[in-house]
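Chemist: Turn this into a model:
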Amino acid sequence: MSAAGIEAGSTTRKFAATAAHLTRRASHRIARHLPLAPRLMHNSTPLVSFTFDDVPESAYTNGAPMLEAYGGCGTFYVASGLLGQRSDFWTVASADEIADLYRRGHEIALHSHLHRSSSLLDVDEFASDLQRNREALQKIHSGIAARNFAYPFGQCTLARKNQLNSLVRSSRSIYTGVNRGVLDPHYVRATELCDARFTRERLQARLDETQRSRGWLVFCIHDVSDTPSAFGCSRKFLDHALEGAIRRGIRIVTVDAALDLIAGTATKPIPQKKPVFAQELSCG
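Modeler: Residues are numbered from 1 along each chain as shown. I've put the predicted structure just below:
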């Protein structure tokens, strides 16, 4: 092939890649603004869910005990293909640690198996990956019946959102804000609780909004450490969020429990442990 032909082929491939990228971005934008099964929110009290993506070991060793000390449980979105692996930022929790979280009352949820963006997968690839994720979690503990999902990297398309509508109960995004009034269950808004990109002032405002609107605030968290990664949350910041929620009467619940309360279908009281406050946590 001539040099001109090679250059033309390269230009065509670049054009095709750019067009595909722009198509995915447009589809994600449409998915964000087009609820497929909107639901009126019937919860009688404001709610907050603390969710952990990828489940770094510090989310297990630090995050979970802190929630428990305040009487709450969290939702841990597990990418099963990453369990026990080391990334550039943290080591992911082990299968035994995920089983322990489940036994302690935390929700174990879906985050794909291979942790690939759902926007890059076709219908069959996505269904297969999600099924591997579900089966891997059931092998960890037979009682785990994961029914809620978080988009890897927060990315989706309208097609994958529509597909999830028949596969899971909810799908959590990373699009910031408080869920209030009408819920889009397959584009649940979430606020990243991260020292590097969020401030105490914005946190207070978000908690105030949740209390005022009787909404549902969902926090997205990765590692929890005194020296967090660029994507992580310090123990002090997590403690500040927990204390702020309790002080405002915002109920700490898992995603699955929140959905029951929002739908008005909770048939039995959702356990809420007596809080043990921050002084006992040695957070400084």
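
Chemist: Identify each buried residue in stretch 76-86, please.
Modeler: By 16 or more other CB atoms under 10 Å, the buried positions in stretch 76-86 come out as 76-83. The way it works is simple: take the backbone N, C-alpha and C, and place the C-beta from them, glycine included.

Chemist: got the CA coordinates for that stretch in PDB?
Modeler: This file holds the C-alpha atoms of stretch 76-86, laid out as PDB (Å, rounded to 0.1, in the frame of the first residue of the first chain):
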ATOM      1  CA  PHE A  76     -20.400  -2.000  48.400                       C
ATOM      2  CA  TYR A  77     -20.300  -2.200  44.600                       C
ATOM      3  CA  VAL A  78     -18.000  -5.000  43.800                       C
ATOM      4  CA  ALA A  79     -16.200  -5.500  40.500                       C
ATOM      5  CA  SER A  80     -15.600  -9.200  41.100                       C
ATOM      6  CA  GLY A  81     -12.700  -9.500  38.600                       C
ATOM      7  CA  LEU A  82     -10.600  -7.100  40.600                       C
ATOM      8  CA  LEU A  83     -10.900  -8.800  44.000                       C
ATOM      9  CA  GLY A  84      -7.600  -9.000  45.800                       C
ATOM     10  CA  GLN A  85      -5.700  -7.100  43.000                       C
ATOM     11  CA  ARG A  86      -3.400  -4.200  43.400                       C
END
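
Chemist: what about it, distance to the chain center?
Modeler: 14 Å (CA atoms, centre = their mean, to the nearest Å).

Chemist: Which pLDDT does the model give L167?
Modeler: L167 is assigned 97 on the pLDDT scale.

Chemist: Going by secondary structure, S58 is in what exactly?
Modeler: helix 57-58 (DSSP states H and E).

Chemist: After that helix, which helix or strand is next?
Modeler: Counting by DSSP H and E, what follows helix 57-58 is helix 64-69.

Chemist: What average pLDDT does that following helix get?
Modeler: 98.
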